[in-house]
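[1] build me a structure from this.
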Amino acid sequence: MDERFLKFDKEDKAKRIENARQHCFGADSRLYNSTFENDLFENVENPLRRAAIRYVCDWKQNKAGGHSLFMYGTTGIGKSFYGACI
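    Okay, here's the model as predicted:
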């Protein structure tokens, strides 16, 4: 495949991701930069984190099957953060 096409495809994907983040979170939101890579508790055993990562890893099957991820629990366990990561 032509390297110029790959570069364009990566730039286009980055622009689409940026536009989606701005649309969903706005420029001032604390969740704007939420990514699994930015997770301060990545080494902590967290079932919610595992479920969110598993959901993303199986995205094509979940989307095709109409599956969703329901997150619940007490305040401060990462529901909003992991939702934003997804």
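
[2] state the number of residues packed around residue 49.
    Neighbours of residue 49 under the rule other C-beta atoms under 10 Å: 19. Every residue, glycine included, has its C-beta placed from N, CA and C.

[3] same check on residue 84?
    Residue 84 - counted by other C-beta under 10 Å - has 19 other residues nearby.

[4] so who does it touch?
    Residues in contact with residue 84 (C-beta atoms under 8 Å, 6 or more residues apart in numbering) are 24-25, 31-32, 34.

[5] go through those and flag which are in helices.
    By the criterion of DSSP state H, membership of the contacts of residue 84 in helices covers 24-25.

[6] among the contacts of residue 84, name the buried ones.
    The neighbour-count test (16 or more other C-beta atoms under 10 Å) marks residue 34 as buried among those.

[7] pull the most distant pair out of the contacts of residue 84.
    Taking C-beta to C-beta as the measure, these span a maximum distance of 10.3 Å, between 24 and 34.

[8] pLDDT and distance to residue 65 for the contacts of residue 84 - can I get that in a markdown table?
    Shown next, in a markdown table, are these (pLDDT from 0 to 100; distance: C-beta to C-beta, whole Å):
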| residue | pLDDT | distance to residue 65 |
| --- | --- | --- |
| 24 | 82 | 23 |
| 25 | 80 | 27 |
| 31 | 85 | 27 |
| 32 | 83 | 29 |
| 34 | 88 | 25 |
